[in-house]
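>>> Compute the structure for the input listed below.
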Amino acid sequence: MADFTRHDRQTAPEDSKPLLENSVKDFGMIPNLHAVMAEAPGLLEGYQHLHALFLDTSFSAEEQTVVWQSINVEHGCHYCVPAHTAIAKQMDVDDAITDALRDETELPTARLEALRDFTLRVVRQRGEVSDDAVQAFLDAGYTRRQLLEVVLGVSQKVMSNYVNHLAETPVDAPFQKFAWQHNG
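Residues are numbered from 1 along each chain as shown. Got it, this is the predicted structure:
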């Protein structure tokens with residue numbers, strides 16, 4: 001793999017410095033993912049913006065976690081699964097949901113399972129989801145707005161998962177206790 005610099009506030013390109021300040025405000029540190037992304041200021045800015053937009057969707061914290069972790073696990077992201085495990089804990093998401101997502105086992109409710117199923121269909125089929133799959137998502141109580149918000153979540157996670165694969169981003173110390181390895 002290519003050798004990527006993990007930037008700090010001194011070494012980052014000038015346009016990334018205020019973005020890394022945002023990271024410190026939001027996380028109390030510069031996550032290694034952001035430190036790597038800082039090499040390309042537009043990427044880091046886009047990622048941070050998509051993250052804020054996804055937090056502002058109509059999904060609950062549990063549903064946001066289902067979207068994020070379904071994608072992270074599907075992509076086998078060694079960094080994002082532990083990071084989003086920590087984020088889920090901060091968001092007071094039930095550990096049963098997090099464990100089911102990490103272990104690819106049944107979620108506690110049919111509604112959350114429908115969300116995971118639809119999210120994975122979007123990822124695996126690159127958005128070319130059948131009318132039946134869309135209807136099943138809607139029949140589970142979700143809306144067309146939420147259908148599109150899944151695409152927003154996929155967009156955010158593609159950025160982070162792919163960067164982590166390319167850079168082999170080291171998992172930050174606070175997330176290491178949630179280390180994860182893909183079963184597949």
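
>>> Helix or strand: which one has residue 155?
Here residue 155, judged by DSSP states H and E, is contained in helix 144-167.

>>> Oh, that last question was meant for residue 58, not what I typed.
If you go by DSSP H and E, residue 58 is not part of any helix or strand.

>>> Could you grab the helix/strand/coil label for residue 107?
Here residue 107 takes the coil state, with states given by DSSP: H, G, I helix; E, B strand; the rest coil.

>>> where does it fall, phi/psi-wise?
phi -80, psi 160 (degrees, to the nearest 10).

>>> That one contacts residue 117, doesn't it?
No: contact criterion CB atoms under 8 Å: residue 107 and residue 117 do not qualify, at 9.6 Å. For glycine as for every other residue, the C-beta is placed from the backbone atoms N, C-alpha and C.

>>> quick one: which of those two has more around it?
residue 107 (20 against 17; other CB atoms under 10 Å).

>>> list the buried ones in the helix holding residue 155?
146, 149-150, 152-154, 156-157, 159-161, 163-164, 167 (16 or more other CB atoms under 10 Å).

>>> helices or strands up against it?
helix 32-37, helix 41-55, helix 61-74, helix 80-90, helix 110-124, helix 131-139 (3 or more CB pairs under 8 Å, 6 or more residues apart in numbering; DSSP states H and E).

>>> quick one: that helix to chain centroid distance?
7 Å (CA atoms, centre = their mean, to the nearest Å).

>>> C-alpha coordinates for that helix, CSV please?
The C-alpha trace of helix 144-167 is given here as CSV (Å, rounded to 0.1, in the frame of the first residue of the first chain):
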residue,chain,number,x,y,z
ARG,A,144,-38.9,7.9,0.1
ARG,A,145,-36.9,10.6,1.9
GLN,A,146,-35.2,7.9,4.0
LEU,A,147,-34.6,5.9,0.8
LEU,A,148,-32.6,8.8,-0.4
GLU,A,149,-31.0,9.4,2.9
VAL,A,150,-29.6,5.8,2.7
VAL,A,151,-27.8,7.0,-0.4
LEU,A,152,-26.3,9.9,1.6
GLY,A,153,-25.0,7.4,4.2
VAL,A,154,-23.6,5.2,1.5
SER,A,155,-21.8,8.2,0.0
GLN,A,156,-20.2,9.1,3.3
LYS,A,157,-19.1,5.6,4.1
VAL,A,158,-17.6,4.9,0.6
MET,A,159,-15.3,7.9,1.2
SER,A,160,-14.1,6.6,4.6
ASN,A,161,-14.1,2.9,3.9
TYR,A,162,-12.1,3.3,0.7
VAL,A,163,-9.6,5.7,2.2
ASN,A,164,-9.1,3.3,5.1
HIS,A,165,-8.5,0.4,2.7
LEU,A,166,-6.0,2.5,0.6
ALA,A,167,-4.2,3.9,3.6
